[in-house]
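Participant: Provided below are the primary sequence and the corresponding predicted coordinates.
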Amino acid sequence: MDPDTVTRYLAKDFWSTVDKKFSSEPASETSTSEDRGYIYPKVTLTFAQTLDGKISASERKQLLISCKESMVLTHYLRNQHDGILVGVGTILNDNPSLNGN
Ligand SMILES: NC(=O)C1=CN([C@@H]2O[C@H](COP(=O)(O)OP(=O)(O)OC[C@H]3O[C@@H](n4cnc5c(N)ncnc54)[C@H](OP(=O)(O)O)[C@@H]3O)[C@@H](O)[C@H]2O)C=CC1
Ligand SMILES: Nc1nc(O)c(N)c(N[C@@H]2O[C@H](COP(=O)(O)O)[C@@H](O)[C@H]2O)n1
């Protein structure tokens with residue numbers, strides 16, 4: 001399967017889970033966040049993890065864990081958001097571009 005197709009499937013599944021979660025939440029007896037004059041931002045946490053639970057090399061060098069398809073999904077998700085947040089350690093170690101191609 002080509003990376004674009006894989007990403008479309010993964011993303012569709014991902015967003016349907018998010019939508020279900022929000023729509024299945026019980027309505028508040030008092031007020032919703034929108035009634036109170038604000039809406040929560042949509043925040044997505046994504047990271048790549050090795051089978052033994054690691055996200056970075058011990059010497060704090062940038063480590064590519066994701067396969068090509070997963071990187072396509074990463075960039076797709078970046079494009080769906082207004083901002084990308086990483087820790088200062090990531091900035092110093094990786095000097096990431098954090099773009100969405
Ligand atoms: N596999 C993946 O998907 C990803 C991997 N990485 C990898 O992770 C590595 C970076 O790791 P690391 O530097 O640990 O993480 P981060 O880049 O997330 O930096 C750690 C952040 O946490 C803050 N912090 C630490 N302890 C606390 C605390 N007790 N309370 C509140 N804030 C705290 C630090 O702030 P302070 O200034 O106070 O120290 C700092 O901003 C890089 O090598 C990068 O490649 C990064 C992102 C994704
Ligand atoms: N999705 C994903 N897979 C990996 O294997 C990774 N190591 C990361 N790391 C994150 O992506 C940043 C580097 O990519 P760009 O230079 O921004 O394209 C890195 O700093 C981590 O935040 N992600």
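Facilitator: The structure has been received and is ready for your questions. Ligands and ions are numbered 1, 2, ... in the order given.

Participant: CA only for contacts and neighbour counts going forward, please
Facilitator: Fine.

Participant: and L92, what element?
Facilitator: Element membership of L92, judged by DSSP states H and E, is helix 88-94.

Participant: contact residues of the protein facing ligand 2?
Facilitator: 47-48, 63-66, 71, 74, 90, 94, 96-99 (Cα under 6 Å from any ligand atom).

Participant: can you redo these as TSV with neighbour count?
Facilitator: TSV is the format used below for those (neighbours: other Cα atoms under 10 Å):
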residue	neighbour count
F47	9
A48	17
L63	12
L64	13
I65	16
S66	15
M71	17
T74	21
T90	14
D94	13
P96	11
S97	7
L98	14
N99	11
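
Participant: in helices, which of the residues you listed appear?
Facilitator: 71, 74, 90, 94 (DSSP state H).

Participant: farthest-separated two in the residues you listed?
Facilitator: Within these, two members stand farthest from each other by Cα to Cα: M71 and T90, at 17.1 Å.

Participant: could you tell me the end-to-end distance of stretch 85-96?
Facilitator: 11 Å (Cα to Cα, to the nearest Å).

Participant: next one: stretch 90-100
Facilitator: End-to-end distance (Cα to Cα), stretch 90-100: 17 Å.

Participant: nearest residue to F47 other than its sequence neighbours?
Facilitator: I55 (7.4 Å; Cα to Cα, 6 or more residues apart in numbering).

Participant: give me the three-state assignment for that neighbour.
Facilitator: I55 falls in the coil class when you classify it by DSSP: H, G, I helix; E, B strand; the rest coil.

Participant: what are the phi and psi values for it?
Facilitator: With angles defined as degrees, to the nearest 10, I55 sits at phi -120, psi 0.

Participant: show me the shaky parts of the protein.
Facilitator: 1-4, 6-40 (pLDDT under 70).
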